[in-house]
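1. Pasting a predicted model and its sequence here:
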Amino acid sequence: MTDTVEVVDGTETADQAKFSPRQQLRRVIQGDLSSLRVVFGLIVIAIIFQVQEPRFLSAENLTNLMLQITTIGLISVGIVYVLLLGEIDLSVGAVSGLCGAVMVVLNVKHGWNAYLAIAAAIAVGAAIGATQGSLFSRFVVPSFVVTLAGLLTWEGALLQVLGKTGSLNVTDPKITGLANIFYSTTVGWILAIIVIVAYGLVLAIGFRKRVTAGLADRNPFPLIFKFAVISAIVIAAVAILNSDRGVPLALLILLGFVVGMEYIVKGTTFGRHVFAVGGNAEAARRAGIRVNGVRIAVFTISGSMAAIGGIMAASRLFAVNQNSGGNELLLLAIAGPVIAGTSLFGGRGSVWTALLGALVIGSISNGMDLLGLSSPVKLMVTGGVLLLAVLVDAIVRLQRKETRAA
Amino acid sequence: MSPDRPLLQLEGISKQFGPVRALDRVDFAVSAGEVVGLVGDNGAGKSTLVKAIAGINSPDSGTIRWEGEEVSIGKPQDATNLGIATVYQDLALADNLDVVANLFLGREEVSPGVGTVSRRLDEVRMENEAGELLSNLAVTIPSLRSEVGMLSGGQRQQVAVARSLLGEPKVVMLDEPTAALGVPQTKQVLALIKRLRERELGVVVISHNLADVFAITDRIFVLRLGRAAGEFRADEANEDQVVAAITGLGNGKGTKAAAAELREGATTEAPGGADKPVEGGLE
């Protein structure tokens, strides 16, 4: 019995679990394993495209894929926080474009130091997020409306900042390097070792703490299995990336934010309060949580992550233009986490879904590009995938309600 | 009939909402190790009384004594600090969080460290303490890590009660703890209330269900139209007497003072109707 429970959720399920096999099955279906569902989807996507186009799984294309998903993944990290609250932030695309432009204009036109320009851009994103969050929470206006107004406003601000030229190139290597630096083979392997050892230590220390606290005569095998899988993925990824240009800095930045923000949302009091507000704001308020403070903080995070995404986009394209942060970037950044299992209804999800979702969306888009499909087809396919993901989310939610009613 | 040294004692509590007198010179007390049932029809002022004690609506006049000392309870925090915990009917649990997270919501245990970000939630300690608390109360749930949304109504009620105990209160007020529960679940919750009494807590139970009230309380306090309408010892009175006090039909066998007030109320106050919106506005 215990074995199955631990497979369902290796880190958190206590040994006191007395779920019947049927309940366990339900837990699996209802989202505890939603990330596995997505991994399975990724494999299917990879097989489909690989069969049609052998270049899809080549080291070069996989490296490109990593670069392509950086911006969307970073924006999605902020979106995950907003979704956990049960809110939505429609301004992130426009904010990313504006903040990328702010950085480039400060650096190129005003001669600011690159790092100062980057800091200023992030500060602008944070300030925008804080403002929108305050408006939403103080005046109880739906976040949908506040950030929709933001979407228009910041798109206008982008055009204003860019001025008459409409596009601006950036050459400062400190900025362009963010998306264009690749590490050597040796550095790649050193990174891999650091990541694997650190992960192993985190798992081991956590396990030991639980055992010494007498919480569990737990079975360590699920943890060992987890460790083995993650290590294998890290080694494989580094090997593939090394056989092309090397491990890109952009990927490290993305992974760093995903891991850091996941730690905050799962491991700290603030993160716990984000989940609580998203699950039941009234309960959170009565428990003494400053609900509005949490909301403002979350929108500030969302604005900041959008800015960081915009900076990476400008770095990758060596330019900002009137289209920066436009097109379907916003919708894909929201779709990603939802596809990967973060609920649109609040209170359920993880920051990993930002990465997984970006991978799914990036793979589909990348594969269709390789196949030379036209934009209409690409848009419709992406729309279909998003609809499917939202339906799965809604069905899971309904099932959960029924389970409770039963 | 009130015990000699009550933990919490209210004297002459009145509360007015616009033209409506929700509470009119009510005296109420609860002692350690005592379960008091607070009963009355809709709009009788039960919720107003509980909210006055919980610091949600402070009374207009009257005194509140805590362990003999006069105190003022202006906001919920004051009540919590004194040692008064309230479990509301809607429980205020976050369905998406597990039992441990709900128990510790708003008072999470963190590892030592600097700043908010580095101070990691101490899940191990919280789980240990939660396990200890729940097993002391003999609360049965499938797992400490099961989502509260997946629990039954009775289990959720028990989690909510257990949560109120984490602040080590001396008085616990339960608003309709058995409403909407099935028979076995009601039994569990009633058993839990008895264990609260064994822990020497003062317990106030609001309920419409007189069978439950008689099953667990030591004393029954009846409110009618904002006034004390009778006080009974659960082992001496019968349901008919309490119902009579609740409805105002017949005189019941409440305290003489309450009966006198009831008669006074009948002559000076317009009965019925007007009090209903009050209760609606408060809940």
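-> Arrived safely. Bear in mind the structure is a predicted one, so any value in this text is a computation, not a measurement.
2. What is the subsequent helix or strand relative to whichever strand or helix holds A:A358?
-> Assignment of secondary structure by DSSP states H and E places A:A358 within helix A:352-370. For helix A:352-370, the following helix or strand on the C-terminal side (DSSP H and E) is helix A:375-405.
3. what angle separates that following helix from helix A:352-370?
-> The directions of helix A:375-405 and helix A:352-370 differ by 150 degrees, with axes from the mean of the first three to the mean of the last three Cα atoms, to 10 degrees as the criterion.
4. Quick check: which element contains B:V172?
-> Counting by DSSP H and E, B:V172 is part of strand B:171-175.
5. Can you give the strand pairings for that strand, parallel or anti for each?
-> Within its sheet, and counting by DSSP bridges, strand B:171-175 is paired with strand B:84-87 (parallel), strand B:202-206 (parallel).
6. Restrict stretch B:56-73 to CA atoms and write it as CSV.
-> Output in CSV follows, covering the C-alpha atoms of stretch B:56-73 (Å, rounded to 0.1, in the frame of the first residue of the first chain):
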residue,chain,number,x,y,z
ILE,B,56,-16.1,40.8,15.2
ASN,B,57,-18.8,43.2,16.4
SER,B,58,-18.1,44.9,19.7
PRO,B,59,-21.1,45.3,21.9
ASP,B,60,-22.6,48.8,22.4
SER,B,61,-22.7,48.4,26.2
GLY,B,62,-22.1,45.9,28.9
THR,B,63,-18.9,44.4,30.4
ILE,B,64,-16.8,41.4,29.5
ARG,B,65,-14.7,39.8,32.1
TRP,B,66,-12.0,37.3,31.4
GLU,B,67,-10.9,35.3,34.4
GLY,B,68,-12.4,38.0,36.6
GLU,B,69,-10.7,40.9,34.9
GLU,B,70,-12.6,43.4,32.9
VAL,B,71,-11.4,43.3,29.2
SER,B,72,-12.5,44.9,26.0
ILE,B,73,-12.6,42.8,22.8
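7. Check which residues of it are buried.
-> By neighbour count with 16 or more other Cβ atoms under 10 Å in any protein chain shown, stretch B:56-73 contains the buried residues B:56-57, B:59, B:62, B:64, B:66, B:73. Heads up, the C-betas are built off the backbone N, CA and C, glycines and all.
8. what about it, average pLDDT?
-> Stretch B:56-73 shows a mean pLDDT of 89.
9. Is chain A within reach of that stretch?
-> No. Using Cβ under 8 Å from any Cβ of the partner chain, stretch B:56-73 never reaches chain A; the gap is at least 10.2 Å.
10. Quick one: residues in contact with that stretch.
-> B:5-16, B:23, B:25-26, B:48, B:51-55, B:74, B:76, B:78-79, B:82-84, B:282 (Cβ atoms under 8 Å, 6 or more residues apart in numbering or on different chains).
11. Pull up the gap between A:V197 and chain B, please.
-> As judged by Cβ to the nearest Cβ, to the nearest Å, A:V197 and chain B stand 20 Å apart.
12. End to end on stretch A:152-171, go ahead and measure it.
-> Stretch A:152-171 has an end-to-end distance of 29 Å (Cα to Cα, to the nearest Å).
13. quick one: contacts of that stretch?
-> A:91, A:94-95, A:97-98, A:101-102, A:104-105, A:107-109, A:128, A:176, A:314-315, A:318-322, A:324-326.
14. one more time with 6 Å, if that's ok
-> A:91, A:94-95, A:97-98, A:101, A:104-105, A:108, A:318-322 (Cβ atoms under 6 Å, 6 or more residues apart in numbering or on different chains).
15. Among the buried residues of stretch B:56-73, which one lies nearest to A:N64?
-> B:I56 (59.2 Å; Cβ to Cβ).
16. And the helices in the stretch 51-200 of chain B?
-> B:76-82, B:99-103, B:115-118, B:123-136, B:153-165, B:183-198 (DSSP state H, counting those that start in this stretch).
17. returning to that earlier point: got the CA positions of the helix holding A:A358 in PDB?
-> The C-alpha trace of helix A:352-370 is given here as PDB (Å, rounded to 0.1, in the frame of the first residue of the first chain):
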ATOM      1  CA  TRP A 352       7.800  23.300 -13.000                       C
ATOM      2  CA  THR A 353       4.700  23.600 -15.200                       C
ATOM      3  CA  ALA A 354       6.100  26.800 -16.600                       C
ATOM      4  CA  LEU A 355       9.100  24.800 -17.900                       C
ATOM      5  CA  LEU A 356       7.100  21.800 -19.000                       C
ATOM      6  CA  GLY A 357       4.400  23.900 -20.700                       C
ATOM      7  CA  ALA A 358       7.000  26.000 -22.500                       C
ATOM      8  CA  LEU A 359       8.600  22.800 -23.700                       C
ATOM      9  CA  VAL A 360       5.300  21.400 -25.000                       C
ATOM     10  CA  ILE A 361       4.400  24.700 -26.800                       C
ATOM     11  CA  GLY A 362       7.900  25.300 -28.000                       C
ATOM     12  CA  SER A 363       8.200  21.700 -29.400                       C
ATOM     13  CA  ILE A 364       4.900  22.000 -31.300                       C
ATOM     14  CA  SER A 365       5.900  25.400 -32.700                       C
ATOM     15  CA  ASN A 366       9.400  24.300 -33.500                       C
ATOM     16  CA  GLY A 367       8.300  21.100 -35.100                       C
ATOM     17  CA  MET A 368       5.700  22.800 -37.300                       C
ATOM     18  CA  ASP A 369       8.400  25.300 -38.400                       C
ATOM     19  CA  LEU A 370      10.600  22.500 -39.400                       C
END
